Each structure stands twice: as C-alpha cells, then as structure tokens.
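Participant: 3D model of this:
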Amino acid sequence: MSIKADAVLDAKGMNCPMPVLKTKKAIDGIQSGQVLEVIATDQGAKSDIPALLQRLGHELLETKEEGGVIEFYIRKK
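Facilitator: Prediction:
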C-alpha cells in the first residue's frame with residue numbers, strides 16, 4: 001500500500017530533539033485527516049515520534065526504514 005502524503009517534513013541530519021519539534025510544528029500546520037510524511041535519520045526518532053503521536057492522539061499509519069533513513073506516515077486526528 002502506498003500512502004499519499006499531503007505534506008513532507010525532511011528532518012534528515014537533524015539530531016534529537018529537532019525531528020520531534022519539527023514534526024509537532026508540521027502536524028500543527030496541516031488539516032485534520034491529512035497525512036504528513038516525516039523523513040529522519042536520527043535513530044532516536046524511532047521511539048520519540050511514536051511517543052509524541054501517542055501523547056497528542058495522532059495516528060501513525062506506517063513506519064519504514066531503509067539504509068538508516070526512517071520514514072513515518074502520520075494522520076492528523
């Protein structure tokens with residue numbers, strides 16, 4: 001299944017906590033029901049971003065990791 005993102009946040013090369021802060025800001029900038037794709041290289045994001053989404057109540061649709069690059073697909077509640 002290919003998820004169509006309404007917005008993309010490129011957080012590659014950023015270290016904790018920047019990917020999480022940028023993700024929260026990007027989520028704030030999209031409409032409810034829209035999908036945000038976050039691309040990160042910080043390994044901490046694998047636990048930090050799902051924790052953020054759980055806290056805020058948004059849905060993590062999918063996580064993919066390839067060659068040290070992690071992609072998150074997030075649906076805003």
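Participant: Nearest residue to the middle of this structure?
Facilitator: Val38 (3.8 Å; Cα atoms, centre = their mean).
Participant: wait, what's in contact with that one?
Facilitator: Val38 makes contact with Val8, Leu9, Ala11, Pro19, Lys22, Thr23, Ala26, Ala45, Ile49, Glu71, Phe72, Ile74, according to Cβ atoms under 8 Å, 6 or more residues apart in numbering. To be clear about C-beta, it is placed using only N, CA and C from the backbone, and glycine gets the same treatment.
Participant: and if you look at Ile49?
Facilitator: Pro19, Val20, Thr23, Val38, Ala40, Leu60, Phe72, Ile74.
Participant: Show the model's pLDDT score for the last one.
Facilitator: Turning to Ile74, the model gives it a pLDDT of 98.
Participant: residue ranges of the strands in the chain, please?
Facilitator: Assigned strands in the chain, in chain order: 7-11, 35-40, 59-66, 69-75 (criterion: DSSP state E).
Participant: deepest of the ones you listed, which one?
Facilitator: Comparing the strands of the chain by mean neighbour count (mean count of other Cβ atoms under 10 Å), strand 35-40 ranks first with a mean of 22.
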